[in-house]
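after the sequence you'll find the predicted model.
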Amino acid sequence: MKQAAARARQDRSAGDEVGRGATSWIPAALGLAGLATCSAAITCLVVSKPSPPVLKGNDAYYYFLALSGLFYAGVAELGAAVWVLTDPRGGRIAAGKKLLCASLAPLAAAAALSATALLG
């Protein structure tokens, strides 16, 4: 009887470790999305210096404002990845999933701006 209870506890604890290990890709994906957003914003800034020829006058300032916003969004995503990763119990994984879904919008914007800067 005691052996069965001990075996059941051992199986449950092994199941918990597997459950936490199965969701460990979320902080890595969040960090990768943040790094890609930052690097795309930096690429746009370097490639399109001073500004794309389409933008004239005050529109160039809005372009650089958008690039700086994308850069800081990427930095915030990297910080969120570290925040999710540092939880020893894995309780922040649900928040990490939501942040990962929200990080797709800045990543898509950065990809679109970098494609425009490289092609234009």
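Cool, the structure landed.

what ranges does this structure have for its helices?
2-22, 25-47, 59-85, 93-102, 104-119 (DSSP state H).

what's the most buried one of the ones you listed?
Between these, helix 25-47 has the highest mean count of neighbours, a mean of 19, where neighbours are mean count of other C-beta atoms under 10 Å. For the C-beta atoms, the positions are set from N, CA and C on the backbone; glycine is no exception.

let me see the mean pLDDT of that helix.
The pLDDT scores in helix 25-47 average 91.

tell me what that helix is packed against?
When contacts are defined as 3 or more C-beta pairs under 8 Å, 6 or more residues apart in numbering; DSSP states H and E, helix 25-47 sits against helix 59-85, helix 93-102, helix 104-119.

dump the C-alpha coordinates for the shortest one into PDB.
This means helix 93-102. C-alpha atoms of helix 93-102 as PDB (Å, rounded to 0.1, in the frame of the first residue of the first chain):
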ATOM      1  CA  ILE A  93       3.600  30.600 -19.000                       C
ATOM      2  CA  ALA A  94       0.000  31.700 -19.700                       C
ATOM      3  CA  ALA A  95       1.000  35.300 -19.700                       C
ATOM      4  CA  GLY A  96       4.000  34.400 -21.900                       C
ATOM      5  CA  LYS A  97       1.600  32.800 -24.400                       C
ATOM      6  CA  LYS A  98      -0.500  36.000 -24.500                       C
ATOM      7  CA  LEU A  99       2.600  38.200 -24.900                       C
ATOM      8  CA  LEU A 100       3.900  35.900 -27.600                       C
ATOM      9  CA  CYS A 101       0.700  36.400 -29.600                       C
ATOM     10  CA  ALA A 102       0.900  40.200 -29.000                       C
END
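
thanks again, I'm all set now.
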